[in-house]
Every structure is written in C-alpha cells, then in structure tokens.
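1. Kindly generate the corresponding structure for this input.
(2 chains)
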Amino acid sequence: MSPDIIERKITYSLTTDAIPDLPMRIPIQDVTPETERAVVIGWINEVRDLGGLAFYILRDRTGFLQVTIVKKKAPELVLAAAKEASRESVVRVTGTIKATEKAPGGRELIPETFEIISRAESPLPLDVSEKVPSEIDTRLDNRYLDARRPRVAAIFQIRSTVTHAINNLLFDEGFTNITTSKIVATATEGGTELFPLAYFEKEAFLNQSPQLYKQMMMAAGFEKVFEIGPIFRAEEHNTTRHLNEATSIDVEVSFADHHDMMDLLERVIVCAYTSVAESCGSELEALGIELAIPETPFPRIPYAEAIDIAALSIDEDIGYGDDLSTAAERAIGEEVGVHYFITDWPTEIKPYYAMPYEDKPTVCKAFDLMHPRMELSSGAQRIHEHDLLVTQIIAKGLSPDSFSFYLQPFRYGMPPHAGWGLGMDRLIMTMLGLQNIREAVLFPRDRHRVTP
RNA sequence: GCCCAGGUAGUGUAGGGGCCUAUCAUGCAGCCCUGUCACGGCUGCGACACGGAUUCGAAUUCCGUCCUGGGCGCCA
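-> This next block holds a predicted model:
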C-alpha cells in the first residue's frame, strides 16, 4: 500500500465520497490464522501498552481481535491515530494477519492503517470491559454501552432466537399471525390496573392483554391465531419478576380444549429451548450456561393437589379457593423441580371467560404453566356460550354493558376455543437463570423507570 | 401500597462522631517498560445526594426531601 493511500485512509471520514473506497470489512470471527490481510472495524475494548509494544483489543459483535503495534516498525500515522484512540472508540484497522500462539485466537493484526471513525469521550459512564462491575440501574441508564458487553448481547441474541423459533413453530402449525390494538376503551376487564391515556375527547387505556381480540378472531373463523406483542399493567409492584410493560406470546385456537393448549405450550417451550441449544452455542458459553431441554410431558397437577403440596412446607394457611402466594409457588416449585402445570382451578379465582367443567362448575378448565421459580403462562378453554359468559361476568362483579363489543360476537356463531398467554420476558429469565427480569428486557419499564 | 436496606470520584467500594486534607480497585493524565491477555512499576487527578437540626466537632446521629435496590402485597 502506497504512503499516499495510507494517508487518505487515516484522514478521511465516513462521508459519501469516501465510501466507494471502503475496502471490504471482515467480521472479526472470520479472521483466522490463515487470513492474509484484513480490514476490521470495531470498538476498542481495551489497550495494553507495554512501551515499545502495544496491544489494542478490538471488539465487534462477532468477537475480539488483538491489534499488535510494534512501535519501532509501525507507520507513524498508525502510532498517531492509536495514541488518540480512547477506549470504546470505533476504529478501522487494516493490515496483515499474523498467526501466533501468543495472541488470543491464535492470530493478531499488524496494522498498516489505523483510523478513528468515532472517538469515544472519557470517562465512560460504565466499564464495558467489566473489570469493574456496574449496578443494574447504572447499566439500564446506559443500556447502549451495557449491551456492548458480550454477556449482555448474548441474552438478546438468545431472545431473538426464541422469537424466531416460536414464530416458525406456530407458522408451521398453521397459525395466523395477528396484530391487535394496544389502545382500548374498556376500563374494566377487572383485575389489574390499567394505564389511562388521553385519546382526543375520549377516555382510553393501554391494553393489558390481547385476550378479547384473540377471541373475536375465533368468531371471525381464523381458527388459529397468535400475537407476540406488548402488554401493559399499571400495578405498582416492585419486584425482580414484574414489569409494567411486558411482552406476551398469545395464542388462541378454535375447536380445541385446555388439554390441547397445554400440549401446544409444551411444544413451544421445548422448541424455544431446543432452538437456543442448537444455534446459540457461543452465547450460552458467554453466559456460562449449560442448557437442559425440559422433558415432556410436564406434570399436570390439579390445583387441589398443588395447595396440599404447598401446605407441607410452608406455615401459612392455604384454603381451597385462595390464590397461590409467592411462598406457595416457590414451595411447589421446589417440590416438583421441573416445569409443571397447575390445572383445574377454582372458577372463582380465574377470569370470567374460563370454561367451568360441565359436571362441576366450581372448577374450571384453566391452567397455569409454572417454572419452578415462577408462573410463566396461564390459559384455559374459554366459554363460547353467550349467556353463560354474561352470567360469569356478572358473577365477577363486572358490568356486561362495558363488554358489549366483546360479547356481541358470541351471539353470531362462536366456535368452542381455548388459548394461553406466555410471558416472553419470564421465559428468557428462567431459561437463562437471570436474577432480575430487567436483564431480559432491553429497555424495561418498571415502577420508576420510563427512560431510556 | 406496606416493610427492610441503601445513596461516598466516571464505575464499583472502605469508612457508622475527632484518627478523614476520606480507603482500595478500576478509569483518566504524565513518566518508565517489546509479548500483554485483569500486563507491571512510579507520580498525579477525581467523591461524602439535597435541605435543616443536634454537637466544640458530622461522611458518620436525628428530621425532611429526592433518588435507588430488595422482600411482600397486588398482578382478570
């Protein structure tokens, strides 16, 4: 390479007239000891300057590469640029690859050009190289830096893989993907608090669940639908497993019952784990996780038995008809030790749309999917008969009037159907053993955080 | 919402009435260093959340405010 070209490479920036000259960039993982020459663009992860010899560790999303500068031999412009380059600056380095046992990955880059594309200010808001840890709050305030860490990036790569795999599975099984509105008028589905919002002259809310819309699509004859999207809950909870904005994987299927839906849920969970085990080897390694794929079928424990299991190991009184406390959930989880279902819930503690057993209406065809650490999903066969649904809404102390848009489809040919909602964030959290659900979400929304 | 813990350089921390002109690490700046991989060595830079009170004296005790983490509750 002529000195003239070296000079241009060092001085030009990424303007349009420079791009035609941009040599082909190589992802770092593709740089092997056999590579002869390489153009690499990445962030400076760290610098080790030994005096006559300096090592610049470059990082891109595919890995790390050591750039070795022998100061007596390196071009002056390389030395000048390298000296100016702060940690976490984006740089482009061109040079020859030398195979050497002494460098990480068995190869190093001897630079001929070294240019700073975007210089990082100093000090950094957090230490990307993780020599010094950062608290979750600092990390979330600076998520773009936090996510440069391979361990953090791995979580979101895995999450993306899970999304892809579940989409594929559901499409393969003949599902139709739907997108429903997150802005709704119904204030009282009962239960959770909703976020109110100003919708012109009307009152509106952020939707807590696509439940009612999924069911309406059963009336529309779509038979098998799914949606992966945000849900919003205005609860003031302050825990490591709750968010005010979560991602829900929702499905609804016509002519299916709760058993069919538990079977589907098992397939989805196994598919998620399998896809990660098969295609996220390096990410799992970065996280130090050996992923065990859950075995099916998952135990299906009737509610009445579940509270007995809980009562064995905790002090508090659990009466039939009580919801499971955190301690009870944990006690059952420890006893069972694997994913499991709690089935046959008391009708009174499940939503109005859960179908009661014909021969025993105090119990309904609802189920929860539990990971030993926490609830992941709940579902049910739904009521498809209009009058029974109205009865149940009234029994829950709700007003059928505010559900008219939802109830009307039940009068014009509603097929029997069942479905569930699965918490994506908790799925990732439990799969990877994360201690805080915020680790599984890029920009979490909790009781206090609305930015970034 | 209730309860507990906490807020000290950019980051993570030590210190809980005078030993504080505040510890250590990392970072940053300078100098030395040709095989580092948490490189090493020397020098320097940089902080007690805010307001009030108690006290001869407050980072330290008390009150209030703001902020944060966690547990529980809540989560059709």
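2. what residues does the stretch 101-250 of chain A put near RNA strand B?
-> Within reach of RNA strand B by CB under 7 Å from any atom of the strand, the stretch 101-250 of chain A has these residues: A:102-104, A:108, A:122-127, A:131-138, A:189-193, A:208-209, A:211, A:233, A:235-240, A:242. C-beta: built from backbone N, CA, C; applies to glycine.
3. how many other residues sit next to the residue of the stretch 301-450 of chain A found nearest RNA strand B?
-> Proximity of the stretch 301-450 of chain A to RNA strand B (CB to the nearest atom of the strand) peaks at A:Pro351, 2.4 Å away. A:Pro351 is flanked by 20 other residues according to other CB atoms under 10 Å.
4. again with the one 5 residues further on
-> The burial count assigned to A:Pro356 is 19, neighbours taken as other CB under 10 Å.
5. Shouldn't A:Gly95 be within a strand?
-> Yes - when classified by DSSP: H, G, I helix; E, B strand; the rest coil, A:Gly95 is found to be part of a strand.
6. Check the gap between it and A:Arg373 for me.
-> The span separating A:Gly95 from A:Arg373 equals 49 Å under the rule CB to CB, to the nearest Å.
7. Which of these two has more residues huddled nearby?
-> A:Gly95 (23 against 15).
8. With adjacent residues omitted, what lies nearest to A:Thr296?
-> Closest residue to A:Thr296 apart from its sequence neighbours, by CB to CB, 6 or more residues apart in numbering: A:Glu266 at 4.5 Å.
9. Does the helix or strand harbouring that neighbour reach RNA strand B?
-> Assigned by DSSP states H and E, A:Glu266 belongs to helix A:258-279. No - contact of helix A:258-279 with RNA strand B (CB under 7 Å from any atom of the strand) is absent, the minimum separation being 14.4 Å.
10. Now do that helix: which elements does it pack against?
-> Applying 3 or more CB pairs under 8 Å, 6 or more residues apart in numbering; DSSP states H and E, one finds that helix A:258-279 contacts helix A:150-172, strand A:245-254, helix A:281-287, strand A:340-346, strand A:363-371, strand A:374-381, strand A:417-423, helix A:424-432.
11. In JSON lines: the ones you listed, plus mean pLDDT and mean neighbour count.
-> Compiled in JSON lines, those are given as follows (pLDDT from 0 to 100; neighbours: other CB atoms under 10 Å):
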{"stretch": "helix A:150-172", "mean pLDDT": "97", "mean neighbour count": "18"}
{"stretch": "strand A:245-254", "mean pLDDT": "96", "mean neighbour count": "23"}
{"stretch": "helix A:281-287", "mean pLDDT": "93", "mean neighbour count": "16"}
{"stretch": "strand A:340-346", "mean pLDDT": "96", "mean neighbour count": "22"}
{"stretch": "strand A:363-371", "mean pLDDT": "96", "mean neighbour count": "24"}
{"stretch": "strand A:374-381", "mean pLDDT": "95", "mean neighbour count": "22"}
{"stretch": "strand A:417-423", "mean pLDDT": "96", "mean neighbour count": "25"}
{"stretch": "helix A:424-432", "mean pLDDT": "96", "mean neighbour count": "23"}
